[in-house]
Structures are given as C-alpha cells and as structure tokens.
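Visitor: how does the following fold in three dimensions:
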Amino acid sequence: MQKVIEIIEYENESHKVDFKKTEYILGKDAKKNEILKDFSAFTNHLSDEEKYIIIGIKENQDKTKDVFGIENPTDEATYRQFINENIEPQVNFEYNNFTYKDKTISFFKLFDNKNRPYLFKKECKNPINTKTEFKYGDGFIRVGTSTNKIGRKELDDIIESKKKYKNRQEDIDIITHIGKPSSKEMDKWNVNYLDLKLINKSNKSIDLDIEIFIKKSEEYTILLEEDFLQEINKTENSQEQKSNFSPINYSDNFVFGNLHINAEENKTEFIFQRNQLKNKFAISLKQNSVCENVFDKSIIVLEKKSNIIEAKVIIRSDDFTNGALIKNITFKT
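Guide: You can find the predicted model right below:
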C-alpha cells in the first residue's frame with residue numbers, strides 16, 4: 001500500500017502508471033472492454049518494471065491529482081475471470097484496495113509479464129451497440145501516457161526482447177538410467193551403474209556443466225568403476241582376504257579419481273561432476289540431440305538388495321537466465 005501511496009503523491013502517469021477516476025465496469029456498459037485494452041498495453045511494454053493502474057484518482061493537466069475514491073470495489077476474481085477469458089497468455093496481476101485520505105482507493109499491480117505479446121484471444125463486442133471493438137489477435141502497447149495498437153515494428157521489438165528472457169531450463173529433460181557395466185573386467189560382478197540421459201528438445205545448441213549429489217545410506221555404497229576395480233585387485237591379490245568380493249565389507253570412504261569425472265563426498269552425499277577438460281563447459285548438446293551417458297557409466301552402486309536412491313542434479317549454463325537448473329531425482333535399483 002505504501003508503494004501505491006508514494007506513486008500517488010510523487011509520480012505521474014507514464015508507461016508504468018495510470019490513474020483512473022472511476023472503476024472499470026464489467027456489466028452492460030459501453031466501456032466494459034476498456035480494461036482489456038489497458039491490460040494488453042501495459043503488459044506489452046518492454047519494461048519489466050511493475051505496472052500500476054490506480055483507481056479513484058484523477059490526474060489533472062497540471063499534474064496535480066484529485067482523490068475521488070470508489071464505492072463497492074469489484075472483487076478480484078471477477079476481474080481475473082474476465083481478463084483470462086479475453087487475453088492470452090495469462091496476465092499476472094493483483095487487485096487490492098485501501099483507505100487513502102478517507103476514500104477507498106483500488107489498484108491493479110501487473111508484474112512478471114514477460115511472455116509477450118499479450119493479445120486478444122477472441123472477438124470482443126461493445127455490450128451496448130454490439131459492434132466489434134477488438135478482433136482476435138489484436139494487441140496494444142503503452143507508449144508514454146498513450147496507448148497504441150501493436151503493429152509490425154512493435155511485434156518485431158517484442159520478439160527481439162523475448163530472446164533474453166527465454167528460460168532454456170525448459171529445453172532440457174533429465175532421465176535416470178540404471179544398467180550393467182559392459183566392460184570385460186566388470187562382467188563377472190553383479191553390480192549396477194547409475195547414470196543420466198540429457199535431452200535437448202530445442203532447435204538451438206546448449207553448453208552446460210552438470211553434477212549429481214547422491215544421498216548416502218547404510219544400504220548401499222557408491223564409487224567410480226576404476227576404484228571398484230582397484231579394490232577388487234587388492235582383494236584378489238591379498239592372501240589375507242577371501243578371493244570372492246563381498247560389497248558389504250567395504251567402506252564407502254574411497255579415494256575417487258577419473259579423467260572425465262570429478263568425485264568427492266561429504267558426510268551425507270556422494271558428489272560427481274563432469275569435468276570441463278579442454279572446453280569452457282563439460283557438455284555441449286547440439287539442437288534436438290541426446291547425451292546418453294552423462295557420467296560414462298562409471299558410477300557404480302554396491303548393494304545387497306534393491307533400493308530407492310535419492311539424488312539431486314544441478315545443471316549450470318550461460319543460457320539459464322534464472323540461475324541453475326536443480327532437480328530432485330530417484331533411482332530404483
């Protein structure tokens with residue numbers, strides 16, 4: 001509320017602020033569709049600032065303001081239904097009211113509307129004379145204190161601006177995979193490997209780094225394949241130990257090491273990360289491509305029985321404008 005009071009007292013109408021003397025009427029009124037035009041205009045402005053439409057205030061030509069207030073404010077659900085029925089994609093907004101100088105003031109706060117353009121999803125007619133006011137696909141944009149219809153230039157500007165907002169996290173699918181090691185050295189051991197498959201669903205390549213955090217448990221041990229084989233060799237060459245390997249006798253505190261995989265652990269997790277090697281990023285996924293075995297089938301699980309193994313995947317990329325992609329996953333062995 002304090003933010004709106006500051007706008008009333010210190011700001012003027014602009015690309016992000018509009019004052020309305022009277023409330024939007026949604027009944028059989030000649031101006032019923034005005035709210036649709038205003039919402040389309042504000043959300044299509046390329047600024048990502050919050051936009052405010054403040055009801056019950058009139059701005060005069062000399063920039064002074066008169067406080068009129070409103071009676072019996074319309075509830076938010078009624079406005080939301082009307083907006084959603086006529087504008088696409090869905091507009092993010094809040095509608096509230098409060099007392100200011102003994103008058104009831106209402107306001108719309110429009111926020112986080114980056115999925116431009118916001119257009120009419122159907123024909124809108126004037127409820128009085130039934131003439132078509134807006135057609136399917138119409139849209140408007142706020143320019144200063146004016147509202148203009150969107151044309152080719154405005155659409156081009158919107159499309160260009162959207163490129164930096166594309167959340168490319170949605171382009172990546174993460175699929176868990178469990179299998180038997182295929183190397184000759186591993187054939188005789190009844191163990192599984194845990195791995196991930198990454199799918200780039202987009203028509204644009206993407207570079208990324210990836211790591212997986214596997215939760216520790218007394219029911220299983222996790223280690224790299226080469227460390228598993230080293231321990232096997234130690235066991236087979238030792239006259240003081242049995243020649244057959246029993247996973248339950250082995251500690252999970254191995255020293256990890258692999259050219260392509262960096263591995264470490266803490267008190268609660270095993271941590272595996274794909275190394276970057278010569279490139280800036282560990283993995284480069286071409287458009288509409290698949291990386292079948294992110295960790296080279298090298299993460300071995302030793303267990304006496306089947307388990308549900310909990311893990312967390314973190315993927316980082318310069319194309320992720322909202323930060324790292326973090327996903328909780330499970331392996332069912």
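
Visitor: so where is the chain shaky, pLDDT-wise?
Guide: Filtered on pLDDT under 70, the chain yields the residue ranges 163-166, 235-259.

Visitor: hey, where'd the helices end up in it?
Guide: Secondary structure of the chain (DSSP state H): helices located at 2-10, 34-44, 76-86, 152-162, 225-237.

Visitor: let me know which of those is tucked in deepest.
Guide: Sort these by mean neighbour count, taking mean count of other C-beta atoms under 10 Å, and helix 34-44 sits at the top with a mean of 23. Heads up, the C-betas are built off the backbone N, CA and C, glycines and all.

Visitor: who does it touch, helix- and strand-wise?
Guide: Applying 3 or more C-beta pairs under 8 Å, 6 or more residues apart in numbering; DSSP states H and E, we find helix 34-44 packed against strand 51-55, helix 76-86, strand 87-88, strand 103-110, strand 119-120, strand 140-143, strand 146-149.

Visitor: if we use 7 Å, what do you get?
Guide: Secondary-structure packing of helix 34-44 (3 or more C-beta pairs under 7 Å, 6 or more residues apart in numbering; DSSP states H and E): strand 87-88, strand 140-143, strand 146-149.

Visitor: now distance to Ile128 and mean neighbour count too, for the ones you listed, in CSV please.
Guide: Converted to CSV, those look like this (distance: least, C-beta to C-beta, whole Å; neighbours: other C-beta atoms under 10 Å):
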stretch, distance to Ile128, mean neighbour count
strand 87-88, 21, 18
strand 140-143, 21, 22
strand 146-149, 21, 14
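
Visitor: thinking again about what came up before, the helices of the chain: which one's closest to Ile128?
Guide: helix 34-44 (12.9 Å; C-beta to C-beta).

Visitor: hang on, the earlier thing: out of the helices and strands packed on helix 34-44, which comes closest to Glu6?
Guide: strand 140-143 (20.3 Å).

Visitor: so what touches that closest one?
Guide: Residues from elsewhere that reach strand 140-143, judged by C-beta atoms under 7 Å, 6 or more residues apart in numbering: His15, Lys37, Ser40, Ala41, Phe42, Asn44, His45, Thr147, Asn148, Lys149, Ile150, Glu154.

Visitor: want to throw the helices of the chain into JSON lines with distance to Glu219?
Guide: Shown next, in JSON lines, are these (distance: least, C-beta to C-beta, whole Å):
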{"stretch": "helix 2-10", "distance to Glu219": "53"}
{"stretch": "helix 34-44", "distance to Glu219": "52"}
{"stretch": "helix 76-86", "distance to Glu219": "49"}
{"stretch": "helix 152-162", "distance to Glu219": "48"}
{"stretch": "helix 225-237", "distance to Glu219": "17"}
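
Visitor: which one of these lies nearest to Lys103?
Guide: Smallest distance to Lys103 across those (C-beta to C-beta): 11.0 Å, for helix 2-10.

Visitor: what about that closest one, distance to the chain center?
Guide: 31 Å (C-alpha atoms, centre = their mean, to the nearest Å).
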